[in-house]
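Engineer: got a structure for you, letters missing:
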């Protein structure tokens, strides 16, 4: 909110209608991972980005109260009502993973990945996007903020950090990336190598920065000005 300037944002007579539509699309989009993971037993692939684009409509059309105190209270309520319960759920999934590792020497980490990366971090960026909108950010800026954050979340950079921060050499190949939200083995046509994953990380990170600084909006404005 403070970074966005704490000013009144753009308002439109149709914002309430679009917020309702955004919430409906948000609920529908939640069916994408359910269909793929639960029914089809596979990651959603690039449909993940369709889901995130629909999610981003919520911060874009979120209604901004005029009073700053009300905006801060609203953000606090969202954090307490969403992030804290999901955080507790993530903690329970981590405990379950450790229990399986101790008992069997291996563990199914699917629920942990879904709860942490799929739920907690997605809602974290969603609330950050809402905070930007409540602080006076425009609809497009708020959408950009959310989308760029979630793209960085899925850029595999933390996978590199895991090995680097633990003083380990990179594995050379990453066969478990077939279970990533985007099947990188199918994308590259072979088990991803260190170089493949680095290329993917750089491309996704570049797109995220491109969106964060609204480069697409600048290009679109220039194209419209020429017409």
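Structural biologist: Perfect, thanks for sending it. Owing to the predicted nature of the structure, the values given are computational and were not obtained by experimental measurement.
Engineer: average pLDDT for the helix or strand harbouring residue 76?
Structural biologist: Under the criterion DSSP states H and E, the helix or strand holding residue 76 is helix 68-78. Average pLDDT, helix 68-78: 90.
Engineer: change the start of the numbering to 356 and stick with it
Structural biologist: New numbering, starting at 356: the last item is helix 423-433.
Engineer: other SSEs contacting it?
Structural biologist: Under the contact definition 3 or more C-beta pairs under 8 Å, 6 or more residues apart in numbering; DSSP states H and E, helix 423-433 sits against helix 476-489. For glycine as for every other residue, the C-beta is placed from the backbone atoms N, C-alpha and C.
Engineer: the residue most central in space within the chain: what's it in contact with?
Structural biologist: Residue closest to the average C-alpha location in the chain (C-alpha atoms, centre = their mean): residue 505, at 2.7 Å. Applying C-beta atoms under 8 Å, 6 or more residues apart in numbering to residue 505 gives the contacts 407, 410, 476-477, 480.
Engineer: next, the angle helix 476-489 makes with the helix holding residue 431.
Structural biologist: Interaxial angle of helix 423-433 relative to helix 476-489 (axes from the mean of the first three to the mean of the last three C-alpha atoms, to 10 degrees): 170 degrees.
Engineer: in helix 423-433, what's buried?
Structural biologist: Buried residues in helix 423-433, defined by neighbour count with 16 or more other C-beta atoms under 10 Å: 426, 429-430, 433.
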